[in-house]
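Visitor: would you be able to build a 3D model of this:
(chains A and B)
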Amino acid sequence: MAEPTRPAEPIIEVRDLHKHYPLTRGIVFRKQVGAVRAVDGVDLDLCAGETLGVVGESGCGKSTLAKLLVNLERPTSGAIRYKGEDITRLSARALRAVRRNIQIVFQDPYTSLNPRMTVGDIVGEPFEIHPEAAPKGDRRRRVRELLDVVGLDPAYVNRYPHQFSGGQRQRIGIARGLALRPEVIVADEPVSALDVSVQAQVVNLLERLQQDFGLGYVFIAHDLSIVRHISDRIAVMYLGRIVETGREAEICDHPTHPYTQALLSAVPVPDPSARGRGPAWDGGGDEGHGGGAGNGGGGGRIILSGDVPSPADIPSGCRFRTRCWKARERCAGEEPHLAVPEPFRDVRGPARHDSACHFAEVRRVVPGGGRRAAE
Amino acid sequence: MSTGPSTGIGTGPNNGPKTGTPPGGAGVPGGEPGAPAPSGGALRSGGPLLEVRDLRVEFRTRDGVARAVDGVSWSVAPGETLAVLGESGSGKSVTAQAAMGILDTPPGRITGGEILFRGRDLLKLREDERRRIRGARMAMIFQDALSSLNPVLTVGDQLGEMFTVHRGMSRRGARAKAVELMERVRIPAARERVGQYPHQFSGGMRQRIMIAMALSLEPDLIIADEPTTALDVTVQAQVMDLLAELRRELGMGLVLITHDLGVVADVADRIAVMYAGRIVETAPVHDLYKAPAHPYTRGLLDSIPRPDRKDADLYAISGLPPNPVAVPPGCAFHPRCPMARDVCRTGEPELSRVSAERESACFFWRECLRG
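Guide: Residues are numbered from 1 along each chain as shown, chains lettered A, B, ... in the order given. Modelled structure (predicted):
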């Protein structure tokens, strides 16, 4: 709420980050025959106390990005700077110190907690790895305190994960993430495995913790509604790259990239009176190649044809062109850069934000969108 | 009812206005602004296509008996889309499995109720009679297309099997039918892809194959259990549109089992909300979204963020859905309900009529409607 405070210095800066997984053939003579370009040139900034939402469909590289941010994966190239220091090149010892400040919460609360450890051990484990964070005698108390903070009964310390529901397990995961008092938490789809009535509890908890502890979040999800709710800024990812980024209202109410527009218009709105926007089936278009989505005009629903191409075989030029209804020759030859598109460079207002499209234009796709567009 | 005169599967003498839910009520709720025009009522040949009456299903577990479905009634008319909405453990999928006759019966057991398909009680049929209806007259689509398809058979073989087994067609004829079906669900290059295996298709395309399979014998009714939950949003929109269009084209009834209020708003005519094995509210979709008549529905609607606006705070329903072996006495929702009073802890609210087409199982539905 209120104004997102925006200190000049970003706490995390990601520059031209790549993560390619080699594809090899042969057992004796291994030969690289290609690469899955999971993350393929990403730039991001995160300021202290801010929430950056990253949205994209499965296979767009958002989870790989999460792992890179917390150094669970080493990038192929590029830099991740934490307070100006590139954490991809640190020694093991220096890295450990940085890791205290950047923690992760995983998607699946069923597999990300060790079933043989008690809740107390799970939440207290970070103290074993970072003994300087809490003196030994104090740990038990700290664990109880953490459980209390995330809304679990501290009396549960000796229980095992299977004795908890999904929402409660996610709270355990969050308590573990908080243990070392990090400045940044990377949350990879933290609520998508939860029941609808429990999702809101966890989202509210994350927001309260942010206010109480001044946390910065990188909130990764496929659900634009939730991302919009929690984020100050949003980055839309497609096939390993960010295609559009800006303030939450800029992206949701004034999207300029066709992919963002399609993504937004596909989100089912819980309001039957919004039904007039669909359905529109484009009829043709073979999987991932040629043929664009139909209905370019009007405020109707945009239905993309085909699926996301394989990250091992990314189209030339603009990577979205195979599903884009606006694609022209230029899109195949020249990859658009993420910058303020030319028509909006000299204007003020919400349309002026970064978008990687040669033919960017504002199109309101969400029914009733722009209700609070005026800023 | 009992054995009844209706032997044919045709329209049958659809035993007139019985108790319970109003038959085929979806239509046009008078004077609604955005009335659901596309749900063409022309095909409504009278009574409901499928009617579930007071269904009860129990599961014996180590911790006790779970009443997964505890007196559920709903009906769906030809050409109508009914959404059964609920969270995990609410009993929505078990209802569907019981209706379809694919409930795993060692742990599960149907302990009461009727499932009437065009007036015939499916629960009283012999297994071979049941099988003739299942697949041919009513078909089901599952959430996970990859595990529902056989990985070692080509898509064409699996689609064609429906015709060789049920219709006694030749292999070649069945193959041609398979191609036709794949074209019908808009799978590009169907002729070339009919010989491919499920893993060679993307998630959205596999779900289309599932839909094609369900459509193959031209059923009157399709039950779709979370058909798009495993798919990405852009693909989800494609698949939902396809389903809606085919339903219109073929005049089928559609029962959509889902947890997603957004999907329901997009396609359903009528909605039944389940909680802890019971229906807590049923209403035409427009009415329900405009003013829910049960606090659980209201809580659900308030707790989902919307893409078209940013709300300061999300309302969160407190607590957790109950354990099915230990459902709270009285109204099952009372421990989580902001409106709960003493009666809610002891008295079990029945579904009561709110208007001609709506029912709510809350003592205080009037208050809830007022908001």
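Visitor: ok, residue 201 - contacts?
Guide: All of this is about chain A. By Cβ atoms under 8 Å, 6 or more residues apart in numbering or on different chains, the contact set of residue A:201 is A:151, A:167, B:316, B:317, B:318. Backbone N, C-alpha and C define where each C-beta goes, glycine included.
Visitor: hmm, no, I was thinking of chain B.
Guide: Listed by Cβ under 8 Å, 6+ apart, the contact partners of residue B:201 are B:155, B:193, B:209.
Visitor: ok, residue B:170 next?
Guide: Residue B:170 touches residue B:164, counting by Cβ under 8 Å, 6+ apart.
Visitor: residue A:156 now?
Guide: When contacts are counted by Cβ under 8 Å, 6+ apart, residue A:156 is found next to A:119, A:147, A:163, A:164.
Visitor: what of residue B:151?
Guide: Counted by Cβ under 8 Å, 6+ apart, residue B:151 has contacts B:197, B:198, B:199.
Visitor: SS state for the residue in chain B that chain A sits nearest to?
Guide: Chain B approaches chain A most closely through residue B:262 (2.9 Å), counting by Cβ to the nearest Cβ. Of the three states, residue B:262 takes helix under DSSP: H, G, I helix; E, B strand; the rest coil.
Visitor: make sure it is actually in contact with residue B:304.
Guide: Yes: between residue B:262 and residue B:304 there is a contact at 7.5 Å, judged by Cβ atoms under 8 Å.
Visitor: which residues do the two both contact?
Guide: Jointly contacting residue B:262 and residue B:304 under the rule Cβ under 8 Å, 6+ apart are A:225, A:270.
Visitor: now residue A:199: closest residue in space that isn't a chain neighbour?
Guide: The shortest distance from residue A:199 to any non-neighbouring residue, by Cβ to Cβ, 6 or more residues apart in numbering or on different chains, is to residue A:191 (4.4 Å).
Visitor: show me what contacts the one you found?
Guide: A:170, A:199, A:202, A:203, A:221, A:226.
Visitor: go through stretch A:130-148 and flag the buried ones.
Guide: A:133, A:134, A:139, A:142, A:143, A:144, A:146, A:147 (16 or more other Cβ atoms under 10 Å in any protein chain shown).
Visitor: residues contacting that stretch, please?
Guide: A:96, A:100, A:119-120, A:123-124, A:126-127, A:153-154, A:156-157, A:172, A:175, A:178-181.
Visitor: repeat for stretch A:104-121
Guide: A:63, A:66-67, A:69-70, A:72, A:122, A:125, A:140, A:143, A:147, A:152, A:156-162, A:164, A:166-167, A:169-170, A:172-174, A:177, A:185-190, A:192-194.
Visitor: the same query, at a cut-off of 7 Å, please.
Guide: Here stretch A:104-121 makes contact (Cβ atoms under 7 Å, 6 or more residues apart in numbering or on different chains) with A:66, A:70, A:122, A:143, A:156-162, A:166, A:169-170, A:172-174, A:177, A:185-190, A:192-193.
Visitor: farthest pair within the contacts of residue A:201?
Guide: Farthest-apart pair in these is A:151 and B:317; separation 13.9 Å (Cβ to Cβ).
Visitor: comparing these two, which residue is more hemmed in?
Guide: Ranked by neighbour count (other Cβ atoms under 10 Å in any protein chain shown), residue A:151 and residue B:317 place residue B:317 first, with 24 against 16.
Visitor: using the three-state scheme, assign that one.
Guide: coil.
Visitor: do the same with residue B:140
Guide: Applying three-state DSSP: residue B:140 is strand.
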